[in-house]
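Novice: What would the 3D arrangement of this be:
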Amino acid sequence: MKSLKKSMSLLFSLLISSFWFPSPARAQSAWGGACVSGDVATLQGLECLFANVLQVVTEFAGLAFLIMFIYGGFQYLFSSNDEKKVVASSSTLTMAVIGLVGIIISWLILSFIKTFTGAPVTTFTIPNT
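Specialist: Down below sits the predicted model:
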């Protein structure tokens, strides 16, 4: 059990370290377009902020699913037919899958609304005044 915790903490630290040490592909380029007018930030800058926050939240949700799924798999693997451990691991796996399915279904509902009504519900825009 101690080696399981060590390996899980190592895996978790490796996955999280990608957020602490950004790669050049994730580097922020100069703000322009609707985000900044000259050297002054505009209200449309909230569109860029919302897009960046949504991207991070989406990546975090995928990372949380992956970690929960791997952790539940290790729990199940090392349960050694103990009924309580098997139930706990299957519960972890079930919650991981339910979370992923919930994220996918919410995106499909928004896409259906966009297709059915034509309203751009999947894009966040602030009208120019």
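
Novice: Please count neighbours and contacts with C-alpha atoms only from this point.
Specialist: Fine.

Novice: what helices or strands is the longest helix along the chain leaning on?
Specialist: Counting residues, the longest helix found in the chain (DSSP state H) is helix 83-117. Counting contacts by 3 or more Cα pairs under 8 Å, 6 or more residues apart in numbering; DSSP states H and E, helix 83-117 packs against helix 45-77.

Novice: residues of the helix it packs on that come out buried?
Specialist: 45-48, 65, 67-73, 75-76 (16 or more other Cα atoms under 10 Å).

Novice: which two from these end up farthest apart in space?
Specialist: G45 and Y76 (46.5 Å; Cα to Cα).

Novice: where does this protein have low pLDDT?
Specialist: For the chain, the stretches flagged by pLDDT under 70 are 1-42, 44, 127-129.

Novice: hmm, try it at 80
Specialist: 1-52, 121-129 (pLDDT under 80).

Novice: got the angle for the longest helix of the chain vs helix 45-77?
Specialist: For helix 83-117 against helix 45-77, the angle by axes from the mean of the first three to the mean of the last three Cα atoms, to 10 degrees is 150 degrees.

Novice: Buried ones in helix 83-117, by neighbour count?
Specialist: K85, V86, S89, S90, T92, L93, M95, A96, V97, G99, S111.

Novice: Turn the buried residues of helix 45-77 into TSV, columns for distance to A119.
Specialist: Formatted as TSV, the buried residues of helix 45-77 follow (distance: Cα to Cα, whole Å):
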residue	distance to A119
G45	22
L46	20
E47	17
C48	20
F65	30
I67	35
M68	35
F69	35
I70	38
Y71	40
G72	40
G73	41
Q75	45
Y76	45
